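> What follows is a predicted protein model with its sequence.
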Amino acid sequence: MVREEYTTATQGTSLERPENQYVYNIGIYGWRKRCLYLFVLLLIIILVVNLALTIWILRVMWFSSSGMGHLRVTSEGLRLEGESEFLHPLYATEICSRVDDSLLLHSSQNVTVNARNADGHITGRLTVGPKAVETHGQHFQINSRNGKMLFSVNEDEVLVGTGKLRVTGPEGALFEHSVETPLVRADTSKQLRLESPTRSLSMDAPRGIHIKAQAGNIEALSQKDIKLHSSEGMLVLDAETVRMPKLPHGSKGTSGSSQELYEICVCPDGKLYLSVAGLGSTCQEYSRDCQ
């Protein structure tokens, strides 16, 4: 508190001070002063608490000049050690694991990898879900370690680049349309079976079809007809014994002979039948079977 008094006096004279004096008080007093001190104290407490929390966060998150926790900033990029959880999308040009460890991507729902072009549109997608693995793109290819193509898929064809395609399922392989291959072979201890349950089975080749069984029989079963057709050549049955046990016997309207020697005859429509063998051909005598 400052008190200012104004008195006018002349040397040699004495005057009494007036009773009314003017006093000016400069400053903050009373409840305003107490509120100001309380506010300053509160700011100091908040400052100390913030400083303590900052130091605690730095120690808990392992902040340092080289990175944060298991995350290290190197000249080649970011190095992350241990398990980490990403709550939002991760954008990176390359993700690789350590030399002596594998890379594991884990998710409770699915793991999706997207590839985008310069306009931001998705050009390829790989989704690993709990029930299926889906890939979307114009071309899918699997290569070996030395760069050889093993499997390739596009909108026009599916290409298998290995030397041997093996199907180990008990039901074999199911093809809804045509199949083009130079060789179909079963394992040494297995049987090869080509079957069409509800449709026809057709085998076409410009230079011939070779069917070979090294240690067994070849059987062709059909509910209706079996046709062997050669457009420019002949049909050759080369074997020690050719058996046709169910060929019909030709007759002249009388009972056939009981002899065991017969002649195979061919009708104009291609049907085969047996006629009793004689000194000459007897097919004309039994031609009525062609009708």
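Looks like it arrived, so ask away. Numbers count the residues shown, from 1 in each chain.
> quick one, phi/psi of residue 249?
phi -100, psi 130 (degrees, to the nearest 10).
> pLDDT score for the closest residue to residue 209 other than its chain neighbours?
Nearest non-adjacent residue to residue 209, counting by C-beta to C-beta, 6 or more residues apart in numbering: residue 203, 5.5 Å away. Yep, even glycine has a C-beta here, placed from its N, CA and C like the rest. Per-residue pLDDT puts residue 203 at 82.
> and residue 203, which of the three is it?
The three-state assignment at residue 203 reads coil, by DSSP: H, G, I helix; E, B strand; the rest coil.
> try residue 125
Under three-state DSSP, residue 125 comes out as strand.
> Now for this structure, the helix or strand with the poorest mean pLDDT.
strand 67-68 (a mean of 72; mean pLDDT, DSSP states H and E).
> Pull up the pairing partners for it, direction included.
strand 63-64 (antiparallel), strand 71-74 (antiparallel) (DSSP bridges).
> Report how many residues lie close to residue 250.
Using other C-beta atoms under 10 Å, the number of residues around residue 250 comes to 22.
> Could you list the low-pLDDT ranges of the stretch 51-200 of the chain?
66, 69 (pLDDT under 70).
> in it, which spans are strands?
With strands called from DSSP state E, counting those that start in this stretch, the stretch 51-200 of the chain shows them at 63-64, 67-68, 71-74, 77-80, 111-116, 122-128, 133-136, 140-143, 149-153, 158-160.
> I'd like to know which elements the last one is packed against.
Counting contacts by 3 or more C-beta pairs under 8 Å, 6 or more residues apart in numbering; DSSP states H and E, the secondary-structure elements packed against strand 158-160 are strand 149-153.
> ok, and for the strand it packs on, which residues are buried?
For strand 149-153, the neighbour count (16 or more other C-beta atoms under 10 Å) marks residue 153 as buried.
> ok, residues contacting that strand?
The contact list for strand 149-153 (C-beta atoms under 8 Å, 6 or more residues apart in numbering) reads 139, 140, 141, 142, 143, 144, 158, 159, 160, 161, 162.
> rewinding a little: for residue 272, which of the strands of the stretch 51-200 of the chain is the nearest?
strand 158-160 (42.9 Å; C-beta to C-beta).
> ok, and what's touching the closest one?
149, 150, 151, 152, 153.
> Turn those into CSV, including distance to residue 279.
Shown next, in CSV, are these (distance: C-beta to C-beta, whole Å):
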residue, distance to residue 279
149, 69
150, 68
151, 67
152, 68
153, 68
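> and which of those is nearest to residue 127?
residue 153 (16.3 Å).
> Distance-wise, check the closest one relative to residue 172.
21 Å (C-beta to C-beta, to the nearest Å).
> Which residue ranges of the chain form helices?
Secondary structure of the chain (DSSP state H): helices at 31-60.
> Outline the domain layout of it.
1-9+17-80, 110-154, 245-291 (automatic domain parsing).
> so which of those domains gets nearest residue 166?
Of the domains of the chain, nearest to residue 166 by C-beta to C-beta is domain 110-154, at 13.3 Å.
> end-to-end on that closest one?
Domain 110-154 has an end-to-end distance of 25 Å (C-alpha to C-alpha, to the nearest Å).
> How far off centre is that domain?
6 Å (C-alpha atoms, centre = their mean, to the nearest Å).
> do the same with stretch 83-95
20 Å.
> Can you list the neighbours in contact with that stretch?
Outside stretch 83-95, the residues that reach it (C-beta under 8 Å, 6+ apart) are 70, 71, 77, 103.
> what's the distance between the first one and residue 107?
When distances are taken as C-beta to C-beta, residue 70 and residue 107 turn out to be 20 Å apart.
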